[in-house]
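Undergrad: pasting the structure only:
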Ligand code: GUN
Ligand code: FE
């Protein structure tokens, strides 16, 4: 019997659409070779021989996709949360990231990061490394071994950053990046490289041009930051006065999603200050927005208008943006997304309805999961990314159903709930 073919029994819930949560008490979730066959009240005859694990009264729901986080920032999460973005980068982030020049340091820090990510609600993640190729390869080795599915970027930055964390020039940066790509593109089962210009201010035009050429040559996905903070947006306008918006700079160099027939899946983190033109371009190019509500709060960045993005049919997922966000919990990310949407509605635009719990859950599962393929639902044909949650220590009314239990778990798991199982593409992690 294959280990990625099985049946799980328990209190099942998943998003059917962004407005509808499907629930089934004492249901059976069936997986054949990593692919879900659906949810059933009774096991169909054809699946009777599969091994069954009965999780009793535990909640069973889809795994979470973290579309944006920085692995090297894990050691200082929680520090500098009283600073704004550009100050925080100079004071904490750049000095810490420069330490990954040492493979010994990277070994220690990335061991802790990958162990903690493996235990977290995240089943899929899109991750920034640092500019250092050996440390980034080490991170990829470690992530691959967790069996989580990840994209990892060796960061590119060759200007407007301290000497200790700067690629010396565009030519050598591009050569390093190409060698890293060739070494890692087909080296792993679970981990893939993603092009990672840090953000426009730290990348010279020669570097951006070269990254655009690499994208074209190898058809790579791209991740970066976009319109996060007002000073950053002004800075980009000064650096590239010809551009019609911040996103136009990435687009100009072929690093901004689908454009004139090229296939370039792209994730842009934040989009708090995207102009009308930028929003249009995000939509046209099918760029994913990684909404990072905790980071946007901690770094006083602002509130992204996610309701508007959903109304306009943009692709949106959630990100912890560790260490702008101070922890790895995608449960916390969902509840923060709902919370900041209420502040946006109350303080900024009373016609932008707050996100519902269903919408927050959808964004963390299917919303971000779709960047990886058919991920984040329990419908037939989806890859089997599954979490099992014990909420027995969270006090409960007998009149509550699975929806209420799930909501309480998302808010209270840090104190009293416990993840007791996790599967990625059918493979049991714990
Ligand atoms: N913009 C450029 N670099 C970073 C980073 O490390 N974190 C966040 N939140 N924004 C950035
Ligand atoms: Fe970030």
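TA: Sure, I can see it. Since the structure is predicted, the reported quantities are computational estimates derived from the model, not experimental observations. Ligands and ions are numbered 1, 2, ... in the order given.
Undergrad: Give the buried residues for stretch 71-82.
TA: 71, 72, 73, 74, 77, 79, 80, 81 (16 or more other Cβ atoms under 10 Å). For the C-beta atoms, the positions are set from N, CA and C on the backbone; glycine is no exception.
Undergrad: The second one: what's it in contact with?
TA: Remark: with contacts taken as Cβ atoms under 8 Å, 6 or more residues apart in numbering, residue 72 is in contact with 96, 97, 100, 106, 109, 128, 129, 130, 135.
Undergrad: redo that, cut-off 7 Å
TA: 96, 97, 100, 109, 129, 130 (Cβ atoms under 7 Å, 6 or more residues apart in numbering).
Undergrad: Buried residues of the helix or strand harbouring residue 211, list them for me.
TA: Applying DSSP states H and E as the criterion places residue 211 in helix 205-218. Across helix 205-218, burial judged by 16+ other Cβ under 10 Å covers 207, 208, 209, 210, 211, 212, 214, 215.
Undergrad: what does stretch 79-95 give?
TA: Using 16+ other Cβ under 10 Å as the test for burial, stretch 79-95 gives 79, 80, 81, 83, 84, 85, 86, 88, 89, 92, 93, 94.
Undergrad: gap between the two ends of that stretch?
TA: Counting by Cα to Cα, to the nearest Å, you get 13 Å between the two ends of stretch 79-95.
Undergrad: Residues of the stretch 251-400 of the chain that sit close to ligand 1?
TA: 295, 321, 324 (Cβ under 6 Å from any ligand atom).
Undergrad: Rounded mean pLDDT for stretch 400-415, please.
TA: Averaged across stretch 400-415, pLDDT comes to 94.
Undergrad: from memory residue 192 sits against residue 144, does it?
TA: No. Contact criterion Cβ atoms under 7 Å: residue 192 and residue 144 do not qualify, at 9.7 Å.
Undergrad: returning to that earlier point: let me know the closest of the contacts of residue 72 to ligand 1.
TA: Among the contacts of residue 72, residue 97 lies closest to ligand 1 (Cβ to the nearest ligand atom), at 8.0 Å.
Undergrad: residue contacts, that closest one?
TA: Residue 97 neighbours (Cβ under 7 Å, 6+ apart): 72, 130, 165.
Undergrad: Please apply the same query to residue 211.
TA: 156, 195, 197, 253, 255.
Undergrad: From ligand 1, how far off is the first one?
TA: Applying Cβ to the nearest ligand atom, to the nearest Å, one obtains 12 Å for the distance of residue 156 from ligand 1.
Undergrad: what's the nearest residue to that residue if we skip its chain neighbours?
TA: Distances taken as Cβ to Cβ, 6 or more residues apart in numbering place residue 197 nearest to residue 156, at 4.9 Å, with adjacent residues excluded.
Undergrad: And the one you found, its phi and psi?
TA: Dihedral pair for residue 197: phi -60, psi 130, per degrees, to the nearest 10.
Undergrad: between the contacts of residue 211, which is nearest residue 46?
TA: Nearest to residue 46 out of the contacts of residue 211 is residue 195 (Cβ to Cβ; 43.6 Å).
Undergrad: What pLDDT does the model give the closest one?
TA: So, for residue 195, pLDDT stands at 98.
Undergrad: residues contacting it?
TA: 153, 211, 214, 215, 220, 222.
Undergrad: quick one: low-confidence ranges for this protein?
TA: Residues of the chain meeting the criterion pLDDT under 70: 1-2, 260-261.
Undergrad: Quick check, the residue in it closest to ligand 1?
TA: residue 324 (3.6 Å).
Undergrad: Share the number of residues neighbouring that residue, please.
TA: When neighbours are defined as other Cβ atoms under 10 Å, residue 324 has 30 of them.
Undergrad: quick one, strands of the stretch 101-250 of the chain?
TA: 122-128, 149-153, 155-156, 191-193, 196-197, 222-226 (DSSP state E, counting those that start in this stretch).
Undergrad: quick one, which of the ones you listed is nearest to ligand 2?
TA: Among these, strand 222-226 comes nearest to ligand 2, with 5.6 Å by Cβ to the ion.
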